[in-house]
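> Take this sequence and fold it.
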Amino acid sequence: MLKVSLPVDKGNAAIKDGSLVTKIQSILADLKPEAAYFTEFDGKRTGLIFFDMTDTSEMPAVAEPWFLAFDASVEIKAVMNRDDLAKARPGIERAVESFG
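Sure, this is the predicted structure:
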C-alpha cells in the first residue's frame, strides 16, 4: 500500500495551474493500482493506493514520481488481501504453537 500526502502549498499550486488531476492520472497509469482512494489526512491531500509490488527494487519507481511532481511525503506498507491472509495461516498457527 502506498500512502502519499501532498504539501498544501504544492497541492494548491497544482490545482490552480490545472495539473493536479493530470499528474495523478499519469502516475497511476504507470503504477496500475488495484485501487486508489483520495482523502484528507493530517490536513493534507492524501492518496491511499493499493498495488502489487513484487520486488523491493520497485520502490524508487513507485515513490519518485510523487516526490518529483508534488514534493510529496510517501510511505510504502506491506499489506495482505484475503487470499494472502489465507496463505499466511500455517505461519500464524506455527507462531501460536511456539509462542502462544
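
> what separates Ile15 from Phe41, distance-wise?
Distance of Ile15 to Phe41, given as C-beta to C-beta, to the nearest Å: 17 Å. C-beta: built from backbone N, CA, C; applies to glycine.

> Tell me how far Met53 lies from Ser73.
Note on Met53: its distance to Ser73, by C-beta to C-beta, is 18 Å.

> go on, Pro90?
From Pro90 across to Ser73, the span is 36 Å (C-beta to C-beta).

> Pick out whichever of these two has more residues nearby.
The neighbour count for Pro90 versus Ser73, taken as other C-beta atoms under 10 Å, is higher for Ser73 (16 against 9).

> show me what contacts that one?
Contact partners of Ser73, counting by C-beta atoms under 8 Å, 6 or more residues apart in numbering, are 4-5, 7, 44.

> Now flag whichever of those residues is closest to Ala35.
Top of the list for closeness to Ala35, among the contacts of Ser73 and by C-beta to C-beta, is Val4 at 13.9 Å.

> Make sure the closest one is indeed in a strand.
Yes - according to DSSP: H, G, I helix; E, B strand; the rest coil, Val4 belongs to a strand.

> Hmm, Trp66 is touching Val74, no?
Yes - assessed by C-beta atoms under 8 Å, Trp66 is found in contact with Val74 at 5.2 Å.

> So which of these two has more stuff around it?
Trp66 (22 against 17).

> Identify the contacts common to Trp66 and Val74.
Val4.

> most neighbours, which of the contacts of Ser73?
Val4 (27 neighbours).
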